[in-house]
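**Student:** Provide a 3D model corresponding to the input given below.
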Amino acid sequence: QLHFVESGGGLVQPGGSMRLSCAASGFSLNKNAVGWFRQAPGKEREGVGCISSRGSRANFADSVKGRFTIARDNAKNTVYLQMNSLKPEDAAIYYCAAEPRASGCLVYSSDYDKWGQGTQVTVSS
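**Tutor:** You can find the predicted model right below:
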């Protein structure tokens, strides 16, 4: 069962920007931290970043720190991943996931239990 619908992926040139959206379906995001993950062909899935349930705290993997930001709009039940200064190595399928957590968030938590179908991001000239 898919709990999110991700959108916003596509083709972008190196150095460009892209914003992904992640709309929750069938449940409220209010008491969940939300993480973003990605998986490139032949590689394991990796955590990209996360945002706490109220949006007061966000954490990022070193590989994207300073380039990616995460925001959420609980009224719209949606979380966003803004990606700037994209590099070819950022190309992957991007997923969002929710973890029941009252405060804070962990990029590498194993407790994310609601996932979306993913959206493809291609970075190429």
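**Student:** Tell me the helix or strand right after the helix or strand hosting E99.
**Tutor:** Secondary structure from DSSP states H and E places E99 in strand 92-100. Later in the chain than strand 92-100, the nearest helix or strand by DSSP H and E is strand 114-115.
**Student:** What strands flank that following strand, and is each parallel or antiparallel?
**Tutor:** Strand pairing for strand 114-115, determined by DSSP bridges: strand 92-100 (antiparallel).
**Student:** what about the strand it pairs with, distance to the chain center?
**Tutor:** 5 Å (CA atoms, centre = their mean, to the nearest Å).
**Student:** Quick one: mean pLDDT over that strand.
**Tutor:** Strand 92-100 carries an average pLDDT of 96.
**Student:** Could you do stretch 66-81 as well?
**Tutor:** 97.
**Student:** ok, the residue most central in space within the chain - contacts?
**Tutor:** In the chain, the centroid-proximal residue (CA atoms, centre = their mean) is W36; its distance is 2.5 Å. Residues near W36 by CB atoms under 8 Å, 6 or more residues apart in numbering: 20, 22, 47-50, 68, 70, 79, 81, 94-97. The way it works is simple: take the backbone N, C-alpha and C, and place the C-beta from them, glycine included.
**Student:** just for this protein, where's the confidence low?
**Tutor:** In the prediction, the chain carries no residues with pLDDT under 70.
**Student:** sorry, back to before: what residues sit buried inside the strand holding E99?
**Tutor:** Buried residues in strand 92-100, defined by neighbour count with 16 or more other CB atoms under 10 Å: 92-99.
**Student:** Turn the residues you listed into CSV, including distance to S7.
**Tutor:** Shown next, in CSV, are the buried residues of strand 92-100 (distance: CB to CB, whole Å):
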residue, distance to S7
A92, 16
I93, 13
Y94, 10
Y95, 12
C96, 11
A97, 16
A98, 17
E99, 21
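**Student:** Tell me the one among the residues you listed nearest to Y108.
**Tutor:** Using CB to CB, E99 comes nearest to Y108 of those, at 11.2 Å.
**Student:** Double-check the closest one against Y112; I have them as touching.
**Tutor:** Yes. Under the criterion of CB atoms under 8 Å, E99 makes contact with Y112 at 4.5 Å.
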